[in-house]
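K.L.:
Using only what follows, build the 3D model:
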Amino acid sequence: MRKPVYCFIDDSPFELNLFKDVIEVRFRGIQFIYASTYDECHRQLKELELYPSLFILDLYGPENLQNSGCIPRKELLEERIKKIPGVGVAYDGLEKFDHDKKLHANEYLKRLFSILNEWRNLFSEQCASLDQGCQFGINNLLRVRQDYPSVTAIMYTRKGVFTDAVKLSQHNCDGIYIKPPGATDEDIFVETEKQAESLMDNWNKSVMNSYCLFLQTLNTHDKTPKKLADMLSRDKYQISKNKEEMNNVSTLLDSLQTTLSNTTDTSTPKIEALIQWVNFYYSLP
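P.N.:
Predicted structure coming up:
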């Protein structure tokens, strides 16, 4: 039985190596494909005759909208930062809202966010000047949707901001996950080790949701897909502890495999990948 395939696309060699060193070693039941571009990833999938269950896409990268500029001199950045309001904006005249606790809190948070928004604008300006932005990830997402329209595709970013999430919601992104933060590479490595299990749990839930939707919408008179979708949507750990329930999962997969052998439908590679993933998900032999 083949392993399910997860593809990670990131333009940073550090991030690719970090993923191999921290994520891959913990999840040997998955075959990972690594690439710095979608074209490279797609080529590997074709050469190895693999069909993926998940694309993990870096969000920020070269947008190729302009020639990449230079990092500004420290003095210029400091001058730009001086234009950002200080915390006084959040407090000046705030006492006139003391009569209403909720209104008082709302006004304070609104003002505090206006300061944060200025820092966000500064970050976006710097990204644009260096030809870095979310269009890199969106372009990869669009390519995924073109070649693998129903395969789960999520964003994995350390730099993304709320406005990026709005754009991604318009392009059928299945989730946005934050890369573990850190001031140094060593800090990021340690934090990624801490979060590896929870990251994978969340990614697997995204895959599970996509497969449930796929099974529910399969054009077939057989009830097996909908039964399997119902099984997947239930608590994984309760099912895995119940021998009868695990036998039911195996029976549903066998039935789905039989259905698959009797069809030449274009969804066949997707169903094969689904079976591989369910076997991994429930640790079936």
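
K.L.:
Remind me what the helix or strand harbouring Phe113 packs against, helices and strands.
P.N.:
For Phe113, the element it lies in under DSSP states H and E is helix 101-129. Other helices and strands packing on helix 101-129, by 3 or more CB pairs under 8 Å, 6 or more residues apart in numbering; DSSP states H and E, are helix 74-82, helix 88-91, helix 162-169. The way it works is simple: take the backbone N, C-alpha and C, and place the C-beta from them, glycine included.

K.L.:
Which among those is found nearest to Pro52?
P.N.:
Using CB to CB as the measure, helix 162-169 is the one of the helices and strands packed on helix 101-129 that comes nearest Pro52, at 19.1 Å.

K.L.:
next SSE after that closest one?
P.N.:
Sequence order places strand 176-178 as the next helix or strand after helix 162-169, per DSSP H and E.

K.L.:
other SSEs contacting that following strand?
P.N.:
Checking 3+ CB pairs under 8 Å, 6+ apart, strand 176-178 ends up next to strand 152-157, helix 162-169, helix 185-216.

K.L.:
Quick one: mean pLDDT over that strand.
P.N.:
Per-residue pLDDT values across strand 176-178 average out to 94.

K.L.:
So that it lines up with my notes, have the first residue be 20 from now on.
P.N.:
New numbering, starting at 20: the last item is strand 195-197.

K.L.:
Not counting that strand itself, show me its contacts.
P.N.:
Taking CB atoms under 8 Å, 6 or more residues apart in numbering as the criterion, the residues outside strand 195-197 that touch it are 78, 173-177, 179, 183-184, 187, 218, 221-222.

K.L.:
Tell me the secondary structure at the closest residue in space to Val24 that isn't next to it in sequence.
P.N.:
Computed as CB to CB, 6 or more residues apart in numbering, the closest residue to Val24 that is not its neighbour in sequence is Pro71, at 4.4 Å. Secondary structure, DSSP: H, G, I helix; E, B strand; the rest coil: Pro71 is coil.

K.L.:
contacting residues for Pro71?
P.N.:
Residues in contact with Pro71 (CB under 8 Å, 6+ apart) are 24-26, 52, 64, 167, 170, 292.

K.L.:
Quick one: low-confidence residue ranges for the protein.
P.N.:
Confidence mapping of the chain against pLDDT under 70 gives the ranges 20, 85-87, 279-286, 304.

K.L.:
list the buried ones in the helix holding Phe132?
P.N.:
By neighbour count on 16 or more other CB atoms under 10 Å, the buried set for helix 120-148 is 126, 130, 134, 143, 146.

K.L.:
Surely the third one and Val106 touch.
P.N.:
Going back to what we said before, that points to Ile134. Yes: in terms of CB atoms under 8 Å, Ile134 counts as a neighbour of Val106; the distance is 7.0 Å.

K.L.:
Any figure for the gap between the closest residue to Glu216 other than its chain neighbours and Asn36?
P.N.:
When the adjacent residues along the chain are set aside, Glu216 lies closest to Arg45, with 7.3 Å between them (CB to CB, 6+ apart). With distances taken as CB to CB, to the nearest Å, Arg45 is found 15 Å from Asn36.

K.L.:
What sits closest to Ala109 if chain neighbours are left out?
P.N.:
Counting by CB to CB, 6+ apart, Ala109 lies nearest to Arg130, which is 4.3 Å off, once chain neighbours are set aside.

K.L.:
what's near enough to touch that neighbour?
P.N.:
The contact partners of Arg130, taken as CB under 8 Å, 6+ apart, are 108-110, 113.

K.L.:
Over to Asp29?
P.N.:
Residues counted as contacts of Asp29 (CB under 8 Å, 6+ apart) are 35, 38, 55, 76-77, 80, 175.

K.L.:
so how far is Tyr175 from it?
P.N.:
From Asp29 over to Tyr175 (counting by CB to CB), the distance is 8 Å.

K.L.:
Please apply the same query to His61.
P.N.:
In this structure, His61 and Tyr175 are separated by 18 Å, where distance is defined by CB to CB.

K.L.:
higher neighbour count, those two?
P.N.:
Neighbours of His61 and Tyr175, each counted by other CB atoms under 10 Å, are more numerous for Tyr175; the result is 23 against 19.
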